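*Asks:* Have a look at this prediction, sequence included:
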Amino acid sequence: MDKNETLEAFYKRKMNWVPDNLKQELGHFNVFRLEPYVGEHAQPVPYKRRAFYKITLVYGRGILHYADKTFTVNERALTFSDPFIPYKWEHTKEITGGAFCIFNPLFFKQFGDINQYPVFQPEGNHVFELTDAQAEKVELIFARMKEEIASDYLFKYDMLRNLVFELLHLATKMEPFTSYEQQPINAFQRISALFLELLERQFPIDESHQHIRLRSASDFAKQLNIHVNHLNRAVKATTHKTTSQWIAARLLQEAKILLKTSTWTVAEIAYALGYEEATHFNQFFKKHQQTTPLKYRNS
């Protein structure tokens with residue numbers, strides 16, 4: 001893995017040899033050691049789009065910003081992140097090692113809903129301090145993942161799913177991280193940045209990403225585990241626009257792109273943008289664009 005190559009680019013390159021039909025059937029999964037992110041030149045991981053769920057075993061000291069909370073890891077921890085809540089690590093040069101696995105929702109299609117586990121829910125616990133004994137158990141699970149993914153066993157992906165479930169159950173039984181700090185003075189800026197991050201990462205919409213999940217201020221507030229009024233105040237105070245204005249503007253922008261560049265029907269575009277009824281989408285579009293979607297497409 002090149003030091004300038006992102007994890008997602010590296011993984012996509014590694015998956016190029018897999019036939020498309022097999023990718024669709026298996027989804028994406030891989031497991032890595034943490035060494036590529038260790039050293040004196042290690043840089044903080046910025047808030048950015050992450051296409052994968054990620055489970056990380058980390059040794060050493062680091063600071064994890066997760067949504068509007070900050071956790072200081074002093075020795076070792078097990079962390080869980082999903083594609084819908086931005087996070088970043090700081091002081092990665094003090095992290096001495098560890099391991100992580102990544103996977104997308106398709107990897108668990110028809111094998112259970114991983115979002116039901118608290119570690120992948122907005123209000124759940126995502127960071128767990130580990131004892132020596134717990135760290136040893138987790139290390140063995142990652143070692144088994146490395147062994148399994150390198151094998152030629154026909155059902156190795158079922159084994160890998162089972163190992164992920166082992167980590168989920170192990171964490172669910174643990175005591176959550178007990179010491180974290182709310183973000184200080186710049187809380188409004190952080191919340192606004194997270195909101196805009198979540199809004200933007202739902203786009204662009206294509207054939208592999210056809211239906212957005214977050215369409216209202218309450219949807220975003222729930223995902224960030226804050227009160228909707230707090231979100232609205234933060235966004236208005238820092239951007240001078242309301243949460244609803246940001247959402248409407250981004251939906252309109254994507255609608256115009258899809259109308260001009262895709263062959264989807266208006267009803268299909270409406271569904272992709274979260275409208276159950278095409279008439280509601282038509283009303284929204286006409287209100288903001290002063291014309292109907294079909295007239296806009298044909299103009």
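*Replies:* Ah, there it is. Only a predicted model underlies this, so the values are computations on that prediction, with no experimental measurement involved.

*Asks:* From one end of stretch 266-286 to the other, what's the distance?
*Replies:* Terminal residues of stretch 266-286 are spaced 13 Å apart (Cα to Cα, to the nearest Å).

*Asks:* And it, what's buried?
*Replies:* Across stretch 266-286, burial judged by 16 or more other Cβ atoms under 10 Å covers 266, 269-275, 278, 281-282, 284-285. All C-beta atoms are positioned from the backbone trio N, CA, C, and that covers glycine.

*Asks:* Walk me through the domains of the protein.
*Replies:* 7-181, 185-298 (automatic domain parsing).

*Asks:* Can you check what pLDDT the model gives Lys23?
*Replies:* According to the prediction, Lys23 has pLDDT 43.

*Asks:* ok, now the one 10 residues further on?
*Replies:* On the pLDDT scale, Arg33 is placed at 87.

*Asks:* Spit out the contact partners of it.
*Replies:* Going by Cβ atoms under 8 Å, 6 or more residues apart in numbering, Arg33 touches Gly97, Gly98, Ala99.

*Asks:* pLDDT and neighbour count added to those residues, as CSV?
*Replies:* Shown next, in CSV, are the contacts of Arg33 (pLDDT from 0 to 100; neighbours: other Cβ atoms under 10 Å):
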residue, pLDDT, neighbour count
Gly97, 86, 15
Gly98, 90, 25
Ala99, 92, 21
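
*Asks:* between those residues, which is nearest Leu130?
*Replies:* Gly98 (10.7 Å; Cβ to Cβ).

*Asks:* and that closest one, that's in a strand?
*Replies:* Yes. Membership of Gly98 in a strand is supported by DSSP: H, G, I helix; E, B strand; the rest coil.

*Asks:* how much space between it and Lys286?
*Replies:* Counting by Cβ to Cβ, to the nearest Å, the separation of Gly98 from Lys286 is 53 Å.

*Asks:* hey, where'd the helices end up in the stretch 101-250 of the chain?
*Replies:* Counting by DSSP state H, counting those that start in this stretch, the stretch 101-250 of the chain has helices at residues 132-149, 156-172, 187-200, 217-224, 228-239, 243-261.

*Asks:* And whatever helix or strand comes next after the last one, what does it pack against?
*Replies:* Which is helix 243-261. Next helix or strand after helix 243-261 toward the C-terminus (DSSP states H and E): helix 266-272. Where contact means 3 or more Cβ pairs under 8 Å, 6 or more residues apart in numbering; DSSP states H and E, helix 266-272 is packed against helix 243-261, helix 278-289, helix 293-298.

*Asks:* same for the last one, what does it pack against?
*Replies:* Using 3+ Cβ pairs under 8 Å, 6+ apart as the contact criterion, the neighbours of helix 293-298 among helices and strands are helix 243-261, helix 266-272, helix 278-289.

*Asks:* could you dump these to TSV with distance to His65?
*Replies:* Listed next are these as TSV, based on distance: least, Cβ to Cβ, whole Å:
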stretch	distance to His65
helix 243-261	22
helix 266-272	31
helix 278-289	35
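
*Asks:* I'd like the ones you listed as a markdown table, with distance to Gln189 and mean pLDDT appended.
*Replies:* Below are the helices and strands packed on helix 293-298 laid out as a markdown table (distance: least, Cβ to Cβ, whole Å; pLDDT from 0 to 100):
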| stretch | distance to Gln189 | mean pLDDT |
| --- | --- | --- |
| helix 243-261 | 15 | 91 |
| helix 266-272 | 31 | 92 |
| helix 278-289 | 28 | 94 |
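
*Asks:* right, so of these, which gets closest to Leu106?
*Replies:* It's helix 266-272; of the helices and strands packed on helix 293-298, that one is closest to Leu106 (Cβ to Cβ) at 18.0 Å.

*Asks:* I'd like the distance from that closest one to the chain centre, please.
*Replies:* Distance of helix 266-272 from its chain centroid, counting by Cα atoms, centre = their mean, to the nearest Å, is 24 Å.

*Asks:* same check, this time on stretch 239-250
*Replies:* 22 Å.

*Asks:* buried set for that stretch?
*Replies:* Thr239, Thr243, Trp246, Ile247, Arg250.

*Asks:* Point out where the chain drops to low pLDDT.
*Replies:* In the predicted model, the chain carries pLDDT under 70 at residues 1-26, 35-51, 67-68, 86, 91-92, 175-185, 207-210.

*Asks:* Nearest to the spatial middle of it, which residue is it?
*Replies:* Nearest to the mean C-alpha position of the chain, by Cα atoms, centre = their mean, lies Pro83 at 1.0 Å.
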